[in-house]
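Trainee: sequence and predicted structure are below.
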Amino acid sequence: MAKPRILVTRRWPRAVEAQLADLFDADLNSSDRPLDQISLRQAIQHYDAVLPTVTDRIGAATLELARPQAKILANYGVGYSHIDMASAGQHGIVVTNTPDVLSECTADLAMTLLLMTARRTGEGERELRAGRWGGWRPTHLVGTKVSGKTLGIIGYGRIGQQMARRAHHGFGMTILCYNRSKVTPDVLAECGATQIGSIDDLLPQCDFVSLHCPGGRENRHLIDARRLDLMRPGAFLINTARGEVVDEAALARALWFETIGGAGLDVFDGEPEIHPALAGCENLVMLPHLGSATAEAREAMGFRVLQNLRDFFEGREPRDRVN
Ligand code: DGY
């Protein structure tokens with residue numbers, strides 16, 4: 001029997017690429033450039049499976065062309081708001097993702113951003129590199145203590161819970177969380193967390209707020225100007241979820257006028273472009289979407305995709321099917 005034809009849209013860890021090439025009739029994107037919309041539309045008509053990443057916007061017009069050829073989109077990553085899920089469902093295309101294996105590393109990075117932001121490390125590094133450091137003094141780059149403060153977590157799924165563990169067990173932080181569905185008492189108990197019924201009620205109670213909810217249309221600008229105003233003066237916002245969850249123009253204003261203390265962003269609406277107003281905010285730490293960027297997580301994500309493909313093509317329900 002002919003091997004299924006699969007398209008990998010970016011370079012992946014070598015060990016995973018080797019296995020993909022072994023098991024499938026695989027086209028690997030050796031140039032590592034994102035496919036443009038025309039190439040994506042052509043690809044989807046020629047492969048049994050397409051293995052996209054967050055940089056591939058797969059909308060209704062592309063998915064319309066998928067059948068009868070493409071049967072599965074095996075996404076490399078946990079978030080899949082770049083795929084039009086309604087259209088995928090309509091055309092009978094299976095979508096899978098890669099949960100669990102990146103939760104710890106993404107939470108590590110969220111904690112990194114929280115600490116970097118609270119302790120003004122971005123400003124400090126810029127000062128040093130520019131040769132502007134005048135030496136130690138008691139009032140120099142004085143930040144905010146993290147230990148013992150209150151952290152609000154929006155989206156108490158796998159990554160949100162990992163963030164809570166780090167913050168609570170490592171830094172003695174009090175955890176409040178908002179989640180659309182009810183979090184079970186045992187999960188809350190692990191970090192002594194309290195589930196709050198609405199985001200509006202959570203925000204004014206927190207010194208730090210970390211976003212771990214999905215992106216997409218539904219959560220677009222979940223944190224907007226009104227909600228930024230609900231945050232405590234001096235509080236910090238951390239986003240390792242998706243850029244569109246935050247209204248970046250409103251955030252830039254809040255940072256500029258210091259109605260909040262600062263923000264740490266790993267994701268951006270329209271990335272890799274950055275909203276121009278953000279670049280001028282001193283109290284902002286920005287990272288280029290590094291949440292899952294460890295050798296361990298990136299390899300494990302690849303093997304998880306591989307498992308999903310094997311399940312699918314060997315007639316089993318893929319473990320990480322999301323539709
Ligand atoms: C994820 O897994 O969702 C990362 O953000 C990369 O897409």
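Mentor: All right, it came through fine.
Trainee: so where is the stretch 101-250 of the chain shaky, pLDDT-wise?
Mentor: Nowhere does the stretch 101-250 of the chain drop to pLDDT under 70.
Trainee: ok, and the closest non-adjacent residue to the residue in it positioned nearest to the ligand?
Mentor: Closest to the ligand within the stretch 101-250 of the chain is residue 102: 5.5 Å, counting by Cβ to the nearest ligand atom. Quick note: C-beta positions are derived from backbone N, CA and C, even for glycine. Of all residues not flanking residue 102 in the chain, residue 292 sits nearest, at 3.8 Å (Cβ to Cβ, 6 or more residues apart in numbering).
Trainee: so what's that neighbour up against?
Mentor: Applying Cβ atoms under 8 Å, 6 or more residues apart in numbering, we find residue 292 in contact with 77-78, 102, 105-106, 298, 301.
Trainee: kindly report the same for residue 227.
Mentor: 199-200, 203.
Trainee: out of those, which are buried?
Mentor: Among the contacts of residue 227, the ones that count as buried by 16 or more other Cβ atoms under 10 Å are 199, 203.
Trainee: out of the contacts of residue 227, list just those in helices.
Mentor: Among these, the ones falling in helices (DSSP state H) are 199-200.
Trainee: and the stretch 201-323 of the chain, which of its residues are near the ligand?
Mentor: Contact residues (Cβ under 6 Å from any ligand atom) of the stretch 201-323 of the chain with the ligand: 291-292.
Trainee: repeat that with 8 Å
Mentor: Residues of the stretch 201-323 of the chain lying near the ligand by Cβ under 8 Å from any ligand atom: 240, 242, 267, 289, 291-292, 301.
Trainee: narrow those residues to those in helices?
Mentor: Under the assignment DSSP H, those contribute residue 301 to helices.
Trainee: that older thread, was I right about the residue of the stretch 101-250 of the chain closest to the ligand contacting residue 302?
Mentor: No: using Cβ atoms under 8 Å as the test, residue 102 is too far from residue 302 to be in contact (11.1 Å).
Trainee: so where do the helices sit in the stretch 1-150 of the chain?
Mentor: 14-23, 37-44, 60-63, 85-90, 103-118, 121-129 (DSSP state H, counting those that start in this stretch).
Trainee: most tightly packed of those helices?
Mentor: Ranked by average neighbour count under the criterion mean count of other Cβ atoms under 10 Å, those are headed by helix 103-118 at a mean of 22.
Trainee: distance of the residue nearest to residue 140 when sequence neighbours are not counted from residue 305?
Mentor: Leaving aside its sequence neighbours, residue 140 sits nearest to residue 134 (Cβ to Cβ, 6+ apart; 7.9 Å). Distance, residue 134 to residue 305, by Cβ to Cβ, to the nearest Å: 51 Å.
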